[in-house]
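**Q** Got a sequence here, can you build the structure:
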Amino acid sequence: MRLASTQVCYVCGTQVYPDQWSISKTSHFVDHFQCKGCGRHICDELHTRRKTEDVTIIREGMRGHRYQYTNRYCDLCSPFYRIGGIRGIAGSLALIGAVLALGLYYIKP
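**A** The predicted model follows:
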């Protein structure tokens, strides 16, 4: 109940329910209902612009567990999903700014 007020779509305010389900003992599907670019919760029907899936296999002795993660992107992050959405752009701009500042520091007479 404590998370009910925080797990809502940031656009329309509908409740989202992050879930994980399994087909077998070794195959798991995980959906956090969060935008991978900005980290905010988004609903599936109206405000998820792009969905991708990542598959991770974790070995455990002779068998392995397969986790299939659903990655969602909102309207703002969808055009930049290849570089990580809004967070990726912010990180790239910070890195470029740091390189430029360092360059100007060493060029200064």
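
**Q** Tally up the residues packed near residue 92, please.
**A** Other residues near residue 92 come to 13 when the count uses other Cβ atoms under 10 Å. Where C-beta positions appear, they are placed from N, C-alpha and C, glycine not excepted.

**Q** and if you look at residue 31?
**A** Residue 31: 19 neighbours (other Cβ under 10 Å).

**Q** Helix or strand next in line after the host helix or strand of residue 66, which one?
**A** Counting by DSSP states H and E, the element that carries residue 66 is strand 63-73. Next in sequence after strand 63-73, counting helices and strands by DSSP H and E, comes helix 85-107.

**Q** Mind exporting the C-alpha coordinates of that next one to PDB?
**A** The C-alpha coordinates for helix 85-107 follow below in PDB (Å, rounded to 0.1, in the frame of the first residue of the first chain):
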ATOM      1  CA  GLY A  85      17.000   8.400 -23.300                       C
ATOM      2  CA  ILE A  86      17.200  11.600 -21.300                       C
ATOM      3  CA  ARG A  87      19.800  10.200 -18.900                       C
ATOM      4  CA  GLY A  88      22.000   9.200 -21.700                       C
ATOM      5  CA  ILE A  89      21.800  12.700 -23.300                       C
ATOM      6  CA  ALA A  90      22.600  14.300 -19.900                       C
ATOM      7  CA  GLY A  91      25.600  12.000 -19.400                       C
ATOM      8  CA  SER A  92      26.800  12.700 -22.900                       C
ATOM      9  CA  LEU A  93      26.500  16.400 -22.500                       C
ATOM     10  CA  ALA A  94      28.300  16.300 -19.100                       C
ATOM     11  CA  LEU A  95      31.200  14.300 -20.600                       C
ATOM     12  CA  ILE A  96      31.500  16.700 -23.600                       C
ATOM     13  CA  GLY A  97      31.400  19.700 -21.300                       C
ATOM     14  CA  ALA A  98      34.100  18.100 -19.100                       C
ATOM     15  CA  VAL A  99      36.300  17.400 -22.100                       C
ATOM     16  CA  LEU A 100      35.800  21.000 -23.400                       C
ATOM     17  CA  ALA A 101      36.500  22.500 -20.000                       C
ATOM     18  CA  LEU A 102      39.700  20.400 -19.600                       C
ATOM     19  CA  GLY A 103      40.700  21.400 -23.100                       C
ATOM     20  CA  LEU A 104      40.200  25.100 -22.400                       C
ATOM     21  CA  TYR A 105      42.100  24.700 -19.100                       C
ATOM     22  CA  TYR A 106      45.200  23.400 -20.900                       C
ATOM     23  CA  ILE A 107      45.000  25.800 -23.800                       C
END
